[in-house]
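S.K.: just need the structure, nothing else, for what follows:
(chains A and B)
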Amino acid sequence: MNIAKVLDAKGLACPMPIVKTKKAMNELVSGQVLEIHTTDKGSKNDLTAWAKSSGHELLKHEEENAVFKFWIKKG
Amino acid sequence: MTEKKKTTIVLFSGDYDKAMAAYIIANGAAAYDHEVTIFHTFWGLNALRKDEHISVKKGFMEKMFGKMMPRGADKLGLSKMNFAGFGPKMIKDIMKKHNAMSLPQLIEMAQEQEVKLVACTMTMDLLGLQQEELLESIEYAGVAAYLADAEEGNVNLFI
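M.R.: Model (predicted):
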């Protein structure tokens, strides 16, 4: 996977992970992949819903040592 | 892409916690690429007050109102467990611990995300608030302007 940008949103509380993801996504072009790291427990549902509604594709997510990682491809 | 969706929020409450909820939803909706409007009326106007004293010409009642109401977002009280101002201190401490954004930060973030902040002019008159006392770059309007946004709104809230 070709990752265009990595966003560290660890330690941030709602609504910041989504706000930061949106900002980071604005800088990418369609087809590029953004990797996001968060610790907010709501972010799994939040980012999944956000990606779907905003026309992006959530390629993969995983959890590792209480850090959530997401890979979202810009639509 | 399709036309942008719209979110509108009427912020009637002047409570710190309720205003926080309103601004969190507004920031979230902006991240969803919605056009977002927060229409501040009655006590919700206090969230838009500058925190310093602004000298403007006012009548006696307006002056009293100005003194009795919180001057700015950071001074708002809680809707529950306010404990004469001790509650907000406690909650702000806890918020810091959890890395949650404070209300003034949320308002700044909303402005950065181009959320439209509107002050209701009729209730500004009632509470004796003048434009000089409110934050820069906000808009002034009445019920018709709110309804124009709300009738196209996908999410409309009253807080």
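S.K.: could you pull up the residues touching B:L129?
M.R.: B:45, B:49, B:66, B:119 (Cβ atoms under 8 Å, 6 or more residues apart in numbering or on different chains). C-betas here are computed from N, CA, C, even on glycine.
S.K.: want to throw those into CSV with distance to chain A?
M.R.: Shown next, in CSV, are these (distance: Cβ to the nearest Cβ, whole Å):
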residue, distance to chain A
B:L45, 23
B:R49, 23
B:G66, 32
B:A119, 23
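S.K.: so how do I select the buried members of those in PyMOL?
M.R.: Paste this into PyMOL to select the buried members of the contacts of B:L129, with burial taken from 16 or more other Cβ atoms under 10 Å in any protein chain shown:
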select buried, chain B and resi 45+49+66+119
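S.K.: quick check: the two most widely separated of the contacts of B:L129?
M.R.: Farthest pair in the contacts of B:L129 (Cβ to Cβ) is B:G66 and B:A119. Separation: 15.0 Å.
S.K.: the residue nearest to the spatial centre of chain B in helix, strand or coil?
M.R.: For chain B, the residue sitting closest to the mean C-alpha position, by Cα atoms, centre = their mean, is B:A47 at 4.2 Å. Assigned with DSSP: H, G, I helix; E, B strand; the rest coil, B:A47 falls in the helix class.
S.K.: could you measure from it over to A:N65?
M.R.: Look at B:A47 and A:N65: by Cβ to Cβ, to the nearest Å, they are 39 Å apart.
S.K.: CSV please, covering the contacts of B:L129 and showing distance to B:Y16 and pLDDT.
M.R.: Listed next are those as CSV, based on distance: Cβ to Cβ, whole Å; pLDDT from 0 to 100:
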residue, distance to B:Y16, pLDDT
B:L45, 14, 98
B:R49, 13, 98
B:G66, 19, 95
B:A119, 18, 97
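S.K.: which one of the contacts of B:L129 is nearest to B:L76?
M.R.: In terms of Cβ to Cβ, no member of these lies closer to B:L76 than B:R49, at 9.7 Å.
S.K.: and stretch B:30-49, how far out from the chain middle?
M.R.: Chain-centre distance of stretch B:30-49: 5 Å, with Cα atoms, centre = their mean, to the nearest Å.
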